[in-house]
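Engineer: pasting the sequence and the predicted model now:
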Amino acid sequence: MKSRKVEPPDGGYGWVVVMSAFFTMGLTAAVLKNFGHFFIEIQNHFGVQASTTSWVTSTTIAMLHLGGTGLSFSWISANSMVSHYFVRWRPIAFAIASSGECVFAVMFSPFFKWLIDTYSWRGALLIIGGLQLNLCVCGALMRPLKKTTRPAQDTKDSLEGDATTLLAKRRTFFQCFLMRKPEFFLYILFAIFSAAGFFIPPLFLVPFASSLGMDKYWPAMILSVLASADLAGRLICGWIANMRLVRNLQLLTMVATLLGVVLLLLPISQNYWAILVFASLYGFLFGCVVAIHVTAIVDIVTLECFDSGLGLFMLLRSIGGFTGPPAAGWLVDYTNNYSVAFYLSGVCLIVSTAFVVLVDRLVHKRREAAEPQVYCAIDQQEDWETAKAESDTVT
């Protein structure tokens, strides 16, 4: 007898884990998504330029992505737990969990604006910090899967899984070996460029709308609508991914490209309703990307290496999140125009899709090459079982 991890239950207590992750996403990522409300307040308080103020957000984003610091204790753990509890329903489970970011963002946008007006930006941050103590409750609900035992002789299904993941099991000792996989290295490049574009729009959308002369609460409503569209995108794209109509990486390429195009077109908006339309499109497509860009890591490195892959993915992705907002802020200071921030974001996202295309081709080719080896192993197992049965009969 030997021990192994139990198969993901695809339900049961896994849905409790999903709900815990739902609140975790809301209390971490949704706060960052609404940090644009603090941008002008902090800029005016200290009398600094947009590029300087952008470092506040970029530093927070970098700390979120660096495993073991700040909010990443909760955020990365929640993503990992959901992936371990589900296989068949993994896309929809992750979409539901990540939608907590959107639901909380809808509520947080006007709430944060009210807190700033009532208690100043310093008092607002203090209250938000108190709310985030509820992450302790979310963490208490996370339970790791227990190990079980199995006979030394695997079944046919177990053999098929072991044949395809044998190499990964031997090499999970150290994370960085994954960088030797060309498909994972290219996916890291996608993560860096896409992160540089991801975090620019939420930060500059409120200042952009305010620069057009909108009242102070109208930009807050735009962020709420954006978050609602984001929620719809996550759920719909998660459902589509679960149907397996196209490969996850193909779907990711399509929605990321459309997202980049929308961001390039957003600056042509010169009134509230036009901004609202483009913000809704941005939110919907952003939700589609978020719903599948983490689960796609499993397609690249297999579930056995998912934790290592996710950690390395988040670590190196922080490069884009750290440099994107300040670069956009510098362009805004140089041109005195918030539109250039959205142009930079759109270009980064479109460039990132080129890497996803290459990753998809490499992963698809690898799977085609692995199929004959798997079937050969299964045939050998069947021959062994037949020979054993005949020997038992003779005996």
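Structural biologist: That came in fine, so what should we check first?

Engineer: the lowest-mean-pLDDT helix or strand in the chain: what's the following helix or strand?
Structural biologist: Using mean pLDDT, DSSP states H and E, helix 156-170 stands out as the lowest-scoring helix or strand of the chain, at a mean of 46. Scanning forward in sequence from helix 156-170 by DSSP states H and E, the next helix or strand is helix 182-198.

Engineer: low-confidence stretches in the stretch 151-300 of the chain?
Structural biologist: 151-177, 179, 216 (pLDDT under 70).

Engineer: now do the helices in it.
Structural biologist: 156-170, 182-198, 200-211, 217-243, 248-265, 272-293, 296-301 (DSSP state H, counting those that start in this stretch).

Engineer: only the buried residues of the fourth one, if you could.
Structural biologist: Under the neighbour-count criterion of 16 or more other C-beta atoms under 10 Å, helix 217-243 has 218-235, 237-238, 240-242 buried. All C-beta spots, glycine's among them, are computed from the backbone N, C-alpha and C.

Engineer: which pLDDT value goes with Thr323?
Structural biologist: Turning to Thr323, the model gives it a pLDDT of 90.

Engineer: any idea which helix or strand carries it?
Structural biologist: Thr323 belongs to helix 306-335, assigned by DSSP H and E.

Engineer: what's the answer for Glu7, then?
Structural biologist: In this structure, Glu7 sits in neither a helix nor a strand according to DSSP H and E.

Engineer: now do the same contact list for it.
Structural biologist: Contacts for Glu7 (C-beta atoms under 8 Å, 6 or more residues apart in numbering) come out as Val87.

Engineer: and it, how far from Tyr85?
Structural biologist: For Glu7, the distance to Tyr85 equals 10 Å [C-beta to C-beta, to the nearest Å].

Engineer: one more: Gly329?
Structural biologist: 40 Å.

Engineer: and what of Gly346?
Structural biologist: Distance, Gly346 to Tyr85, using C-beta to C-beta: 36 Å.

Engineer: same check on Gly36?
Structural biologist: On the measure of C-beta to C-beta, Gly36 and Tyr85 end up 34 Å apart.

Engineer: try Leu252
Structural biologist: Counting by C-beta to C-beta, the gap from Leu252 to Tyr85 is 22 Å.

Engineer: so these two - more neighbours on which side?
Structural biologist: Neighbour comparison, Leu252 and Tyr85: the larger count goes to Leu252, with 30 against 26 (by other C-beta atoms under 10 Å).

Engineer: go ahead and confirm that one touches Thr295.
Structural biologist: No - when contacts are counted by C-beta atoms under 8 Å, Leu252 is not listed as touching Thr295 (9.7 Å).

Engineer: what angle do helix 248-265 and the helix or strand Thr118 falls within make with each other?
Structural biologist: If you go by DSSP H and E, Thr118 is part of helix 90-131. For helix 90-131 against helix 248-265, the angle by axes from the mean of the first three to the mean of the last three C-alpha atoms, to 10 degrees is 50 degrees.

Engineer: measure how helix 90-131 sits relative to helix 272-293, angle-wise.
Structural biologist: On the basis of the same axes, to 10 degrees, helix 90-131 is oriented at 120 degrees to helix 272-293.

Engineer: helices and strands around helix 90-131, which ones?
Structural biologist: Helix 90-131 sits against helix 14-33, helix 36-46, helix 72-85, helix 217-243, helix 272-293, with contacts defined as 3 or more C-beta pairs under 8 Å, 6 or more residues apart in numbering; DSSP states H and E.

Engineer: and the fourth one, how far out from the chain's middle?
Structural biologist: Taking the mean of its C-alpha atoms, helix 217-243 sits 14 Å from the chain's own mean (C-alpha atoms, centre = their mean, to the nearest Å).

Engineer: for it, packing partners?
Structural biologist: Contact partners of helix 217-243 among helices and strands, from 3+ C-beta pairs under 8 Å, 6+ apart: helix 14-33, helix 36-46, helix 90-131, helix 200-211, helix 248-265, helix 272-293.

Engineer: how about these in a markdown table, adding distance to Leu315?
Structural biologist: Formatted as a markdown table, those follow (distance: least, C-beta to C-beta, whole Å):
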| stretch | distance to Leu315 |
| --- | --- |
| helix 14-33 | 17 |
| helix 36-46 | 25 |
| helix 90-131 | 19 |
| helix 200-211 | 21 |
| helix 248-265 | 20 |
| helix 272-293 | 16 |
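
Engineer: out of those, nearest to Ala341?
Structural biologist: Nearest to Ala341, of all these, is helix 200-211, at 4.3 Å by C-beta to C-beta.

Engineer: list the helices and strands that closest one packs on?
Structural biologist: helix 36-46, helix 50-65, helix 217-243, helix 272-293, helix 306-335, helix 339-394.

Engineer: angle of it against helix 14-33?
Structural biologist: Using the same axes, to 10 degrees, the inter-axis angle of helix 200-211 relative to helix 14-33 is 50 degrees.

Engineer: list of residues touching helix 200-211?
Structural biologist: Taking C-beta under 8 Å, 6+ apart as the rule, helix 200-211 contacts 32-37, 39-40, 50, 54, 57, 216, 218-220, 222-223, 226, 263, 266-267, 272, 275, 279, 282, 324-325, 328, 332, 338-339, 341-342, 344-345.

Engineer: can you go through the residues you listed and name the buried ones?
Structural biologist: Buried positions within the contacts of helix 200-211, assessed by neighbour count (16+ other C-beta under 10 Å), are 32-37, 39-40, 50, 54, 57, 218-220, 222-223, 226, 263, 266-267, 272, 275, 279, 282, 324-325, 328, 332, 338-339, 341-342, 344-345.

Engineer: the helices and strands packed on helix 217-243: which one's closest to Ala78?
Structural biologist: Ala78 lies closest to helix 14-33 among the helices and strands packed on helix 217-243, at 3.9 Å (C-beta to C-beta).

Engineer: now do that closest one and helix 50-65, the angle between them.
Structural biologist: 160 degrees.

Engineer: cool, thanks, signing off.
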